[in-house]
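[1] The following comprises the amino acid sequence and a computationally predicted model.
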Amino acid sequence: MKSLLKNSSSIPPFLLRSFSSPRYLCSHPQTSIPQNPNPNFPEKDTSDSHFPCKPISDSHFRGNPIPPTSGDPHLTSSLTQDTSLTETHVINTLLHHKNSPQSALKYFLSVKKKRSFVQSIDVFCVLLHILVGSPKTYKQAQYLLNNRFASGDFGPAPLAFLDHLIDTRKRFDFQLDSRAVNYLFNSYVRFNRIEDAVDCFNGMIDRDIVPWVPFMNILLTALVRRNLMDKARECYDKMASMGVTGDCFTVNVMMRAFLKEGKSWVAEAFFREAKARGTELDAAVYSAVIQAACQKPDLNMASELLREMRDRGWVPSEGTFTTVIGAFLKQGNLVEALRLKDEMLSSGKQLNLVVATSLMKGYCKQGDIGSALDLFNKIKEDGLTPNKVTYTVLIEWCCRNRNVKKAYELYAEMKLMDIQPTVFNLNSLIRGFLEACSLKEATSLFDEAVESGIANVFTYNIFLYHFCNDGKVNEACSLWQRMVANGVVPSNVSYNNMILGYCRAGNMDKAHTVFSEMLEQGFKPNAITYSTLIDGHFRKGAAEQALDLFEEMVGVHIAPSDFTFNIIINGLGKVGRTSEARDMLKKFADKGFIPICLTYNSIINGFIREGAMNSALEVYGEMHERGISPNVITYTTLVNGFCRSNNMDLALKMHYEMKSQGLQLDVPAFSALIDGFCKKQDMVRACELFSELQQVGLSPNKIVYNSMISGFRNVNNMEAANDLYKKMINEGIPCDLKTYTTLIDGFLREGKLLFASDLYAEMLAKGIVPDIVTYTVLLNGLCNKGQLVKAHKILEEMDREGITPNVLIYNALIAGHFKEGNLEEALRLHNEMLDRGLVPDDATYDILINGKAKAENSLPGVSCA
C-alpha cells in the first residue's frame with residue numbers, strides 16, 4: 001500500500017522543551033490517559049464488537065485503557081508488528097481511520113505503550129485533527145491536550161505546536177477548522193500556563209486564526225487576576241483588531257482590569273463603546289460601570305445607571321448598593337445615602353455592616369453623633385455585630401466632638417466583645433481626654449498603651465504636644481527619656497514638639513539646641529520647624545532673629561507655608577512694625593501666598609495698637625477689594641480701636657455694618673462699645689448696648705459689669721452701680737479688685753463711709769489684696785470726709801504690706817490735716833514724703849501754699865477706671 005505520508009516531519013530539536021522519555025511527549029503527565037478500563041478485555045482482541053457505539057467521554061479515560069478490539073485487519077496487523085511502528089506507519093494508520101475518530105483513538109491508545117513506538121508531535125497533531133473532525137470526540141481531543149501537554153511544563157513550545165497543527169492540517173488535507181488550535185490555546189489557560197497561553201494567542205493572531213471568545217475571556221480573566229493589566233489590554237486590542245470585540249463577559253473582565261488600575265474613566269469609556277456597538281450587557285457589567293462612576297467620582301452618572309438597571313428589571317447587588325452609598329457619603333451627601341439605604345432594604349437586601357458603619361461615619365461628619373449612636377444600637381438589636389472599624393469610627397468621632405466619656409464607654413464595650421483595641425483607638429482617647437483637661441484618665445490610658453507594647457511614636461507625640469504647648473518642658477523631657485528607653489524612635493514631629501515647648505517657655509537658646517540635635521540625628525526640619533522657631537523669636541520681641549530664620553528657611557529650599565507667612569505678618573505687627581508687615585504681605589502675595597481674613601486681622605490689629613486708625617481702615621478697604629469678608633474678630637478689633645480713640649460714632653457704624661453682614665458682635669466687641677460710651681458718660685447708649693448684649697443670647701462678663709459700674713460711678717449714680725453689683729453676685733460672676741475699688745470710690749465720694757467700709761471688709765474676706773489704686777481711693781475718700789484716724793490706719797496697713805504710698809496719697813493726707821488746722825502734721829508728712837524719695841507735684845505745693853486742695857472730692861490723678 002502506498003504511504004499516505006509524503007513528507008515525514010518531526011519536531012526540530014530547538015523547539016523541543018523536554019522529552020525525558022522517548023515513549024511520551026510528556027514525561028510525567030499529571031493525569032494519565034487510561035490504559036485498560038476493563039481488564040476482562042484482552043489487549044489484542046480483534047473483534048470490533050467492543051468499539052463503543054457512543055462518543056467517548058471524559059469518564060472513559062478515568063480508569064484503565066480500552067483495549068483495541070477491532071476486526072480491521074490493517075489495525076490488527078499494525079498492532080502485532082511492533083517493528084513497523086514508525087511515525088510514517090502510525091500516521092498512515094491514523095489517516096486510514098480518519099472518518100472513524102473513535103477507531104483512530106483506540107489505535108493510538110494501543111500503540112502508544114509499545115516499546116518500539118516513539119511518539120512525535122505530528123502523530124499527535126494528526127490525531128487531534130481527526131478527533132475534532134467529529135462532535136462526538138471533541139471532549140476526547142480536549143482531554144488529550146489537557147493531560148498530555150498542558151498539565152505539565154513538557155512538550156514543544158506553543159508556537160512549535162501551533163505550527164505543527166497548521167502544517168499537518170495542510171499536508172493531510174484536513175478540513176479548515178480552528179477548533180484544534182483553540183483547544184490547544186484553552187488547555188494552556190486551564191492549567192495556568194499563562195505565558196504559554198499568551199504565546200499561543202499571539203501565534204494565532206499572527207497566523208490569522210481567530211481565538212474563540214469564551215477561551216479568550218478565560219485568558220483575560222487569568223491575566224487580570226495576576227494584575228497583568230497591560231498584557232490583558234494588549235491581548236484584547238489584538239483580538240479587536242481582527243474584528244472580534246467579545247461579548248458581555250469580555251466587557252466585564254476588561255472593565256474590572258481598568259478599575260484595578262484606578263482608571264475609572266477608561267472603564268466608563270469601554271462601557272460606552274460596548275453599549276454603542278450593541279453588545280448585550282448584563283447586571284454585572286452595570287455593576288462594574290457603577291463602580292467606575294463612584295471611583296471618578298461621578299455620582300450623577302452612578303444614579304442614572306442605577307435607574308437604568310431598575311428599568312431593565314435588575315435589582316442591584318448588595319455590593320453595588322454598598323459601593324454607591326459609600327461614594328455618596330464620601331461626598332458628604334448623607335441624604336442621598338440614606339435614600340439608597342432605604343431602597344436597598346426595600347429591594348430585599350439586608351443592611352450590612354459596611355453600609356451601617358459608613359452611615360455612622362456620615363452622621364458623625366455632620367456633627368450628628370446622636371444619630372450615629374442610635375444606628376449603632378439598632379444594628380446590634382437587629383443581630384449585626386459591630387467590628388473593630390465600627391468601634392474605631394465612633395470612638396474617634398466622639399473624641400472629636402468632645403464626648404470623650406461616651407468614647408471611653410465604647411472602648412470598654414469593645415474590650416468586653418473581645419475586640420482588641422488598636423493603638424489608634426487609644427491615641428484618640430488620650431487626645432480626647434487631654435483636650436477635656438482630664439490628665440489623670442489620659443495618663444492611665446497612656447500607661448496602658450505602653451505596658452501592652454502598642455504605644456507608638458504618635459502616642460508619645462500626643463502627650464509631648466500637650467506638655468510642650470503649655471510650656472511644660474520638664475514634663476516633656478521626662479516623657480522623651482521614657483520614649484527613648486522604650487525603644488520608640490523620635491520623629492520629626494517629636495523634635496518639633498520639643499522645639500515648641502522651649503519656644504512657649506521663652507527659652508530660645510534651648511529651642512535652637514534641640515534644632516541642632518535634630519539635624520545631627522539626620523532628621524530634616526520642615527516648614528513647621530522653622531515656623532515654630534520664627535514665632536518663638538517674635539514672641540520674645542526678637543524680630544531680626546525671626547526674619548533671619550525666615551531667610552535661612554528659604555535658603556535651604558524649604559517652602560514657607562501660609563502658616564509661616566501669617567506668623568511673620570502677625571509677629572511684625574506685635575512688635576510695632578506693622579507697616580513692614582503690610583509691605584511683606586505684598587511680597588508674599590507676589591510669591592503666590594493667598595492672604596486670608598486672619599492675615600488682614602493681624603495687620604489691622606497692629607495698626608490699631610500703634611494708634612494708626614487711618615492705616616487700619618485702609619487695610620480694611622484692601623480686604624474688601626480682594627473679596628475677603630471680614631469676620632467677627634475684624635469688626636471687634638476695629639470697634640475696639642475706635643473706642644480707644646474716642647471715636648464712638650465710627651465704632652457704632654462698624655457695629656451696624658457688622659449686623660448688616662449677618663454677623664453678631666461677641667462679648668469683647670460689646671464690652672468695647674459699652675466701655676467707650678461709659679467713659680463718655682453716655683449711660684443711655686451704654687444701657688441700650690448692655691440690653692442688646694443680653695437680647696442676642698450673650699451673657700455679660702465682669703469686664704462689662706465693671707465698665708457699667710464705673711460709668712454709673714462717674715455720673716454719680718451709685719444706686720444703679722450698686723444694683724449691677726448685686727446682679728453680679730446673683731448671677732455668680734465673681735467681683736474683682738476693680739469692681740470693689742470702683743464701688744468704694746463711689747460710696748466714699750457720696751460720703752457713705754459705712755457702705756465703703758463694708759465693701760472693703762468683704763473684699764479682704766474674699767482674699768482680694770488691695771493695690772496702690774485701692775489704697776489711694778480709700779485714703780483720699782477718708783481724708784476728704786475728715787476721717788484722718790482711719791486714714792492713718794490704712795497708711796499703717798500699707799507699711800505692713802510693704803506698699804510705698806505715692807504722691808497722691810501724701811497730697812490727700814496733707815490736705816486733710818491742713819483742713820483740720822494741723823499744720824505741723826501736714827509739714828511732717830511733707831518731709832516724710834521727701835525722705836521717701838517722692839517728688840512733690842504742683843498739687844502738693846498748691847495745698848501747702850493755699851492750705852487746701854482745689855478739688856474737694858478727689859485729687860488730680862486719682863482714678864480706678
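    Everything's here; your move.

[2] In stretch 413-433, which residues are buried?
    Of the residues in stretch 413-433, 414, 419, 421, 423-433 count as buried by neighbour count, 16 or more other Cβ atoms under 10 Å. (C-beta placed from N, C-alpha, C; glycine too.)

[3] One more: stretch 608-627?
    For stretch 608-627, burial by neighbour count (16+ other Cβ under 10 Å) applies to I608, R609, A612, M613, S615, A616, L617, V619, Y620, E622, M623.

[4] Quick one: distance of that stretch to the chain centre.
    Relative to its parent chain, stretch 608-627 has a centroid offset of 37 Å by Cα atoms, centre = their mean, to the nearest Å.

[5] Now do stretch 713-720: distance from first to last residue.
    9 Å (Cα to Cα, to the nearest Å).

[6] Check which residues of that stretch are buried.
    R713, N714, M718, A720.

[7] tell me the contacts of the first one?
    Yep, that's R713 we're talking about. A721, T742, L743, D745, G746, R749 (Cβ atoms under 8 Å, 6 or more residues apart in numbering).

[8] Next, format those residues as JSON lines and append neighbour count.
    Output for those, formatted as JSON lines (neighbours: other Cβ atoms under 10 Å):
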{"residue": "A721", "neighbour count": "23"}
{"residue": "T742", "neighbour count": "29"}
{"residue": "L743", "neighbour count": "28"}
{"residue": "D745", "neighbour count": "25"}
{"residue": "G746", "neighbour count": "26"}
{"residue": "R749", "neighbour count": "19"}
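
[9] and which of those residues is nearest S120?
    Nearest to S120 among those: T742, at 117.8 Å, using Cβ to Cβ.

[10] so what does the helix or strand containing that closest one touch, helix or strand wise?
    Element membership of T742 [criterion: DSSP states H and E] is helix 737-749. Under the contact criterion of 3 or more Cβ pairs under 8 Å, 6 or more residues apart in numbering; DSSP states H and E, helix 737-749 touches helix 702-714, helix 718-730, helix 753-765, helix 772-784.

[11] nearest to S103, of those?
    With Cβ to Cβ as the criterion, S103 lies closest to helix 702-714 of the helices and strands packed on helix 737-749, at 111.6 Å.

[12] list the buried ones in that closest one?
    I703, V704, Y705, N706, S707, M708, I709, S710, G711, F712, R713, N714.

[13] Next: stretch 755-767.
    Neighbour-count burial for stretch 755-767 [16+ other Cβ under 10 Å]: F755, A756, S757, L759, Y760, M763.

[14] Quick check, the second one in contact with I744.
    So that's A756. Yes - counting by Cβ atoms under 8 Å, I744 is a contact partner of A756 at 4.7 Å.

[15] lowest average confidence, helix or strand, in this structure?
    helix 73-80 (a mean of 45; mean pLDDT, DSSP states H and E).

[16] For the helix or strand that comes right after that helix, the averaged confidence score.
    Once the chain leaves helix 73-80, the next helix or strand it forms, by DSSP H and E, is helix 87-96. Taken as a whole, helix 87-96 has a mean pLDDT of 89.

[17] Kindly report the same for stretch 455-465.
    Computed over stretch 455-465, the average pLDDT equals 94.

[18] cool, stretch 199-209 as well?
    On average, stretch 199-209 scores 91.

[19] I would like the residues contacting it, please.
    Counting by Cβ under 8 Å, 6+ apart, 157-159, 161-163, 166, 178, 181-182, 184-185, 188, 210-211, 216, 219, 235, 238-239, 241-242 sit against stretch 199-209.
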